[in-house]
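Novice: model this:
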Amino acid sequence: VHTAFFASKVEHESKHCNGKGFQRPGSSAFDRVYTANQNCGHTYPTFLAVLWCAGLLCSQAPAAFAGLMYLFVRQKYFVGYLGERTQSTPGHLFGKRILLFLFLMSVAGILNYYLVFFFGSDFEMHIKTITSAISPLLLIP
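Specialist: Residues are numbered from 1 along each chain as shown. Below you'll find the model as predicted:
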């Protein structure tokens with residue numbers, strides 16, 4: 001749904017401009033929408049990979065919360081990109097922080113697996129408690 005919304009914005013802006021094809025000289029509105037759509041599309045596979053790994057290897061609830069936050073942040077980034085480029089910066093930085101959180105959750109899950117495998121020490125409950133406590137901090141801009 002998120003990607004479809006971005007694509008519909010690109011299509012709307014494309015129809016709004018008086019040109020054929022992707023090359024529309026002088027259409028800064030189309031360029032901004034198209035670039036924002038491309039930027040969001042390029043980060044989406046990374047987001048899906050770290051979301052899946054964090055949910056599978058660490059804890060599902062904080063990963064799901066971070067995933068929903070990431071979708072809202074990308075929406076903010078996209079809408080901010082339609083205005084001035086400086087308006088998209090907070091959304092971009094916030095999105096990077098959420099991806100880092102999901103990545104660290106994945107790494108913690110992998111480390112816990114190897115600790116269980118080699119040493120028999122299971123820190124899963126501690127990791128879940130820590131990630132559940134840290135995930136609300138993602139709301140702080």
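Novice: output stretch 52-60 as PDB, nothing but the C-alphas.
Specialist: As requested, the backbone C-alpha atoms of stretch 52-60 are provided in PDB (Å, rounded to 0.1, in the frame of the first residue of the first chain):
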ATOM      1  CA  TRP A  52      12.400 -10.100   9.000                       C
ATOM      2  CA  CYS A  53      15.700 -11.000  10.800                       C
ATOM      3  CA  ALA A  54      15.000  -8.900  13.900                       C
ATOM      4  CA  GLY A  55      11.500 -10.400  14.200                       C
ATOM      5  CA  LEU A  56      12.700 -14.000  13.600                       C
ATOM      6  CA  LEU A  57      15.900 -13.900  15.600                       C
ATOM      7  CA  CYS A  58      15.200 -11.500  18.400                       C
ATOM      8  CA  SER A  59      11.700 -10.400  19.300                       C
ATOM      9  CA  GLN A  60       8.600  -9.900  17.200                       C
END
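Novice: need the contact partners of it.
Specialist: Contacts of stretch 52-60 from elsewhere in the structure, counted by C-beta atoms under 8 Å, 6 or more residues apart in numbering, are 62-64, 66-67, 102-103, 105-106, 108-110, 112-113, 127-128, 131-132. Just so you know, the C-beta spots here come from the backbone N, C-alpha and C atoms, and that holds for glycine as well.
Novice: can you flag the buried ones in these?
Specialist: Burial of the contacts of stretch 52-60 was assessed by neighbour count (16 or more other C-beta atoms under 10 Å); the buried members are 62-63, 66-67, 102, 105-106, 108-109, 112, 127-128, 131.
Novice: would you format these as TSV with secondary structure, pLDDT and distance to Pro90 included?
Specialist: Output for these, formatted as TSV (DSSP: H, G, I helix; E, B strand; the rest coil; pLDDT from 0 to 100; distance: C-beta to C-beta, whole Å):
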residue	secondary structure	pLDDT	distance to Pro90
Pro62	helix	93	22
Ala63	helix	93	23
Ala66	helix	94	17
Gly67	helix	94	19
Leu102	helix	94	19
Met105	helix	92	23
Ser106	helix	93	25
Ala108	helix	92	27
Gly109	helix	91	29
Asn112	helix	89	33
Ile127	helix	86	29
Lys128	helix	87	30
Thr131	helix	88	24
